[in-house]
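Student: just a sequence and a predicted model for now, questions to come.
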Amino acid sequence: MSGPNMEYVFPKRWKIRENRFQYFRAHVKSKKGKRPYGLSPLQNSTVAEPTPRFLLLFTFYIYCREMEEDDQQKLMDLVKELVVRLLSQKGPNSVPQDPGSPQFHASLRYALRILSSHLAPSAAADADAIAESIKRHLSNHGKSSYALAFADLYTKFASKTGPGSVNNKFGVLHLLKIISEDRISAWNEVNSPSLLPNLECLDAEVGDRWRVSHERDNGVSLVSKDAESFRKVAFKEYADLAKEESEVSEELLVRDVLYACQGIDGKYVKFGTIVDGYILPDMVRVPRATRTIVRKLCELGWLFRKVKGYISESMDRFPAEDVGTVGQALCAALQDELSEYYKLLAILEAQSMNRIPLVSESANSGNYLTLRRLSVWLAEPLVKMRLMAVLVDKCHVLRGGAMAGTIHLMAQHGDPLIHEFMKRLLTRVCSPLFEMVRSWVLEGELEDIFAEFFILGQQVKAESLWREGYRLHTGMLPPFISNSLALKILRTGKSINFLRVCCEDRGWAEAAMEAASAVGTTTRRGSLGYGEKESLESLVDEAAKRIDRHLLNVMYNRYKFKEHCLAIKRYLLLGQGDFVQYLMDIIWPELSEPANTIGSFKLAGLLESAIRSSNAQYDEQDVLNRLRVKMMPHSTGDRGWDVFSLEYDPRVPLDTIFTESVMAKYLRIFNFLWKLRRVEHALIGAWKTMKPNCITSQAFLKLQQDVKMQLLSTLRRCQVLWNEMNHFVTNLQDYIMLEVLEVSWLNFSLEMEAAKDLDDLLMAHEKYLSSILEKSLLGERSQSLHKSLFILFDLILRFRSHADRLYEGILELQTRTGESSLASKDKNKLQRHKNDGTLENGSWTTEGRKGLTHRASEFLRNMKRDLDSIAKEYTSLLEGFLSQLPVQQHIDLKFLMFRLDFTEFYSRLSLKKT
């Protein structure tokens, strides 16, 4: 193509660049720097401002496109005329160049390269500096004459000013220098891109409008100025470049990726069991960037298979392996999310069939949905699917509250998208759990057939319902329900069941309705949900307060808990003095008999007699009917004292508090107090036998002096020992009755008034009972002290038997001498001892006066020796007992030491011995 009217055209890469440049400008204005989809991977990775060289090239190109036709023709004429003149000035004999010659054509192309290139220097504009640089360059290459000639010419050039002179002298010099360097480096290659861009020009005939030619020469297209034609070529050239590197169209890859996102194998993208994921086989030739983006998009399909598999597996194994209601709710929530995911895929599949909208309807383009656009659409679903996949991995072996707790912990995320998504799931998942809470708190019903709730129930007897019927399962307690709130929920439901089963009361229903109304909620299903922690706490607090108050009212008023506690204190803890004293008097002879000869019916009759003969007869009949005689198991040699005890029948619902273990502790306390009363009664009986009006008579005056002194010494020894024992027993009994029982009862009464629920009442009673055990030397830490005390009791009872022997001997002495007579009851007692054979054979009462004196002296000597032995043993045991009191941890036991040794008699005695 040649001729003077040749049109200049631009390479196809210019058209693609112009398209990208226009897209870049529009994108920067609208998106403020976000990644423009549709660019190449290199350009798409980081969007930055174009370089000045790039802007200059496009400015020149756009300027040329937008010039009027006449202006462009004038510009081309000027360029051609310049080239002709330059070629004609090569030598003196040069001839004008033919515009159609190859040399002219090559020179014209080179001129266009120069005019379309960006030749701005990186250094500051200084004409003198660049002139000096040119002279130095000529001198260094052995061209001194050229350097001098250049210096002379530059002087004239620089000195010329005014009209017709060149203002931008630096620019002219810089242009000449660049052209010189370019011609030297690429003398034989005019189109070399070493310094200047390779702008190819082909001649063409100029018509009314520039048109698009189908002829190609070295990849260069002839482009018209028509905007519609330019867009057509731009899109076509871009598509051609993209297809050169791929044997699979992007449309097919998008379709396969959409299939993979649904868990379906496509034509090219298939699921690989070895790699456990969707892959694009290596035999399919696609660009590396395309393969990478396909692999990233197919991650969604792998995640989808995992979530879908979990849902299918859970539904298939139900109810064989008991997925549970919470697990079912999770599967339903996940299925809903997958339904939304299906809707998105349907929209994307519809969009994948649409073409890219163009200005010209006759133009062809690729699909609107590209891989990069697909990655934008699937960015958010990918995040959600990852969360669901992680969720099913963690919840695969969990259930109930543990599953809800795991999801709750995952929801504690700073990303609002993740937080809202997990919260939406939790609302569905926790719905069965909160329904269990509502049913338990307001109805007392444990609707947990799959053991998902944090409260476990089991079948027990009525008396064990409160303590053992229900318990907290911490493994199923979700983190959004605190431990204190869970305990309150547990107690509220237990209170309702206790009222319904043990108390046969229905008043709790009204209290539950009042609680729901007070917090502004209802008793219907679905009234509670996740995220309503304040509503849950308010409902539980109000329900617990009202139901617990109703339960205590039932225990105090209907079942008279306080009255029964007082009855136990009066009869089992021997607080009713007249009743205990009368019972001790009438039951003493019977309990002195062997245990196997005592009938429980006779003892029950004696108990009834003691009740009728004391103020106990004025108690309520229900209380008296619960008091019974209990005979404990006995062995050979046991007396009635060893097996006799009283028991109190608490019955339902009081047996929730007075359990078997609690009544066993009361039995221990009763046995201790009963033995203490027995010892006290024994000492009182010994005192009665030693009264002066019973043992002194004129018979002492008839005896010999030595026998009389022995008798007085023995009586004095017995009296002193009795005083010591009575002092110990009296102070110990006062301590038990006043410092232990009464103080503990007072504290228990105050705590009963302050109790807010049944647990508080149980704790107060347990504290009351433990206080009595510890202070009464019956605790675990007072075992040695308790054993020492019971040894002392046995020794006092042995002293009573010796005192009785001494009294009997004196009675025989009086009978023998005939100086005094016995009372009828004493005679009967002596006769009974004779019949029982308790008196020694050959009693000194049957001998003569001389023998009587000898026997009396020997008897008194033996009695005094036995009393001395008992006194010595008692002193040793008492000192050991007192020495253990100061080291006891309970403060009241230390106070017992102060009572027993108030005069510091035993302290001084121990100091004398040391």
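Tutor: Done, it's in.
Student: ok so Phe902 is a strand residue?
Tutor: No. Assessed with DSSP: H, G, I helix; E, B strand; the rest coil, Phe902 is coil; it does not lie in a strand.
Student: quick one: neighbours of it, just the number.
Tutor: Phe902: 10 surrounding residues under other C-beta atoms under 10 Å. For glycine as for every other residue, the C-beta is placed from the backbone atoms N, C-alpha and C.
Student: for it, give me phi and psi.
Tutor: Phe902 adopts backbone torsions of phi -60, psi -40, taken as degrees, to the nearest 10.
Student: quick one: it from Ala871, how far?
Tutor: 21 Å (C-beta to C-beta, to the nearest Å).
Student: ok, now Val83?
Tutor: 151 Å.
Student: who's more crowded, these two?
Tutor: Taking other C-beta under 10 Å, Val83 and Ala871 do not tie; Val83 has more neighbours (22 against 18).
Student: I figured that one hits His105, correct?
Tutor: No. Using C-beta atoms under 8 Å, Val83 is not in contact with His105, being 9.5 Å away.
Student: next structured bit after the helix or strand where Lys343 lies?
Tutor: Using DSSP states H and E, Lys343 maps to helix 324-351. Following helix 324-351 in sequence order, the next helix or strand is helix 371-377 (DSSP H and E).
Student: buried sites along that next one?
Tutor: Neighbour-count burial for helix 371-377, counted by 16 or more other C-beta atoms under 10 Å, picks out Leu371, Arg372, Arg373, Leu374, Ser375, Trp377.
Student: tell me where this protein has strands.
Tutor: Secondary structure of the chain (DSSP state E): strands at 270-272, 277-279, 455-457, 470-472, 627-631, 644-648.
Student: can I get those in JSON lines including distance to Ala543 and mean neighbour count?
Tutor: Below are the strands of the chain laid out as JSON lines (distance: least, C-beta to C-beta, whole Å; neighbours: other C-beta atoms under 10 Å):
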{"stretch": "strand 270-272", "distance to Ala543": "54", "mean neighbour count": "15"}
{"stretch": "strand 277-279", "distance to Ala543": "52", "mean neighbour count": "21"}
{"stretch": "strand 455-457", "distance to Ala543": "15", "mean neighbour count": "17"}
{"stretch": "strand 470-472", "distance to Ala543": "16", "mean neighbour count": "16"}
{"stretch": "strand 627-631", "distance to Ala543": "39", "mean neighbour count": "16"}
{"stretch": "strand 644-648", "distance to Ala543": "34", "mean neighbour count": "19"}
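Student: to Trp588, which of those lies closest?
Tutor: strand 644-648 (10.9 Å; C-beta to C-beta).
Student: other SSEs contacting the closest one?
Tutor: Under the contact criterion of 3 or more C-beta pairs under 8 Å, 6 or more residues apart in numbering; DSSP states H and E, strand 644-648 touches helix 561-571, strand 627-631, helix 660-689.
Student: can you list the buried residues in the helix holding Lys343?
Tutor: 324-331, 333-334, 337-338, 341, 345, 348-349.
Student: ditto for stretch 588-596
Tutor: Glu590, Leu591, Ala595.
Student: again with stretch 260-280
Tutor: Buried, per 16+ other C-beta under 10 Å, within stretch 260-280: 260-263, 266, 268-271, 277-280.
Student: any idea how far the nearest residue to Leu627 once chain neighbours are set aside lies from Ser614?
Tutor: Leaving aside its sequence neighbours, Leu627 sits nearest to Tyr571 (C-beta to C-beta, 6 or more residues apart in numbering; 5.4 Å). Counting by C-beta to C-beta, the gap between Tyr571 and Ser614 amounts to 11 Å.
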